[in-house]
Every structure is written in C-alpha cells, then in structure tokens.
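Asker: build me a structure from this.
(chains A, B and C)
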Amino acid sequence: MRPLPPAFYGRSTLAVAVDLLGRELLVNENGSLCGGRIVEVEAYIGENDPACHAHRGRTTRNRVMYGPPGRAYVYFTYGNHWMLNFVTEREGFPAAVLIRALEPRAGLPTIWNRRRVRREYDLTNGPGKLTAALRITGEDNGASLEGPRLLVGGPCANGEPVARSGRVGVDAGADVPWRFYLANSPWVSSYRRGGRARSAGIPIGSPATS
DNA sequence: GATTGGATCTACT
DNA sequence: GTAGATCCAATCG
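Answerer: The predicted structure is shown next:
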C-alpha cells in the first residue's frame, strides 16, 4: 500500500476528513500488520473552534497540531483512553481529524486478543476502542503517517453514501456538523452521552432541509 | 503543589 | 440508564 503524502493532509480539514473515509489505517509492529478501514471521523479546526484542544492556544499537549500535516496527534483522556488524530492544514495552523471508528481488516486475531469484548462490532467502533485494538499510545504522538509504524493509504470510499452530524462527546461546538461517517457501515460508533442520542446523520449532498 | 475536568468505555442494574 | 474507573495536562494559588 502506498501511503498518502503530507500534501494530502495539508488541505482544508473538512476536505481531508471526508477524503479519509474508506481508507486503510495500518499499524506495523515488527512486520506484522493490524488495522482496518476508516469509517468515522471528526474535524477539529483552529483556535476559534471551542471544541478544539488548540482553543486556548499552543500548549505542550497540543503542540503536534501546530506542526506539519501528515502526522499523528495522540493524547490521553478520561483516565483510560488514547485518541488518535491526523494533523491537517498548513504548518502553524492547529487542526486535526479525529479517527472515531474502523472496520477491522488486518490482524484480526491480535485485535480479538487485545479487546475483551463479545461482539465483533465492539472491537473498533469508538475512538478509545480502536487505539486499544491497534495498541496506539502516546509513543505514537507526532509519528509520521507514511510509516514505518503508522500507515494510511488505499482508495477512499467509492460511491458509498456518506453522512454528517454534530460531533460526539464535546459540549461547546457539539452542534457544528463536522462528524462524517459511512452511512451504511455497521462499524460506526454507537456511543451516546448524557442520555442524548447522537444527532441523526444527514446525507452529504442532500438539499438542506428545515 | 493541589485541584479539576476531559474529543470514553465497560459493567452492572 | 447510570456509575465507576483512572490519570494527565491545564489552571489556579
């Protein structure tokens, strides 16, 4: 698989987010690969986005987001969970795409071993789940997405319906429709927060309705 | 130095 | 449907 070059990521974050759907994310551990197809993403764009970690300016935690595009921004949250993002836009502008769900395709035995779940769709249908399944941690923060450890490439979703909705798990800026997913994928995250069902998806390209 | 809250998940009721 | 786990980084004193 030929990995996508930094120029792919150095564009508008929303364009990159949609263009990532359907592509493969692989983790190479001593030659053995595990990973899958990206089916759900969210965009976090700039210091004016209240949900973005860069909202309060540059810090030691979010500094990778200010760096060049095409790298992984990995951070720890909720005491248990690593989150995987891909840095986008030009160097100096803090933005990233959060990878929220995968369709596992490579290294299934390894993934099953790491994830103590019963149902297959629970393996990687959430941002904390997929990092646990692929064993992505803070050591991958700042790593290139062209390898050797992290690899992103392959064709984008071709003709599959894509939907968008508000972002999950954030308060400020939750209504901004910057979450994108493959509408027909059973691997999309089902997590709900605060008893509130996630907002229903809107097919991209459909006329705006009131 | 201490406190607080977070881009979540699992288990249990 | 809801609580507990679990810890780092940012913020405040």
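Asker: now the helix or strand containing A:F180: average pLDDT?
Answerer: Using DSSP states H and E, A:F180 maps to strand A:179-182. Averaging pLDDT along strand A:179-182 yields 94.
Asker: which residue packs closest to A:E47, ignoring adjacent ones?
Answerer: A:A54 (5.1 Å; CB to CB, 6 or more residues apart in numbering). For the C-beta atoms, the positions are set from N, CA and C on the backbone; glycine is no exception.
Asker: how many residues are close by the one you found?
Answerer: 22 (other CB atoms under 10 Å).
Asker: mind checking the SS state of it?
Answerer: The three-state label given to A:A54 by DSSP: H, G, I helix; E, B strand; the rest coil is helix.
Asker: A:L151 now?
Answerer: From three-state DSSP, the assignment for A:L151 is strand.
Asker: grab the longest strand from chain A for me.
Answerer: Criterion DSSP state E: the longest strand present in chain A is strand A:32-45.
Asker: that strand and DNA strand C in contact?
Answerer: No. Strand A:32-45 stays clear of DNA strand C (CB under 7 Å from any atom of the strand), getting no nearer than 14.3 Å.
Asker: after that strand, next one along is what?
Answerer: Following strand A:32-45 toward the C-terminus (DSSP H and E): strand A:72-77.
Asker: which residues does that next one contact?
Answerer: With contact meaning CB atoms under 8 Å, 6 or more residues apart in numbering, strand A:72-77 is reached by A:53, A:61-62, A:64-65, A:82-87, A:96, A:131, A:136-138, A:140-145, A:150.
Asker: CA atoms only for the next helix or strand after it - export them in PDB, please.
Answerer: For strand A:72-77, the succeeding helix or strand toward the C-terminus, using DSSP H and E, is strand A:81-87. The C-alpha trace of strand A:81-87 is given here as PDB (Å, rounded to 0.1, in the frame of the first residue of the first chain):
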ATOM      1  CA  HIS A  81      -8.200   6.200  26.700                       C
ATOM      2  CA  TRP A  82      -5.900   7.300  23.900                       C
ATOM      3  CA  MET A  83      -7.300   9.300  21.000                       C
ATOM      4  CA  LEU A  84      -5.800   9.200  17.500                       C
ATOM      5  CA  ASN A  85      -5.900  12.300  15.200                       C
ATOM      6  CA  PHE A  86      -4.300  13.100  11.900                       C
ATOM      7  CA  VAL A  87      -2.800  16.600  11.800                       C
END
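Asker: for strand A:81-87, which helices and strands make contact with it?
Answerer: Applying 3 or more CB pairs under 8 Å, 6 or more residues apart in numbering; DSSP states H and E, one finds that strand A:81-87 makes contact with strand A:72-77, strand A:95-106, helix A:127-134.
Asker: try 10 Å this time
Answerer: The contact analysis (3 or more CB pairs under 10 Å, 6 or more residues apart in numbering; DSSP states H and E) places strand A:81-87 against helix A:6-9, helix A:13-20, strand A:32-45, strand A:72-77, strand A:95-106, helix A:127-134, strand A:150-153.
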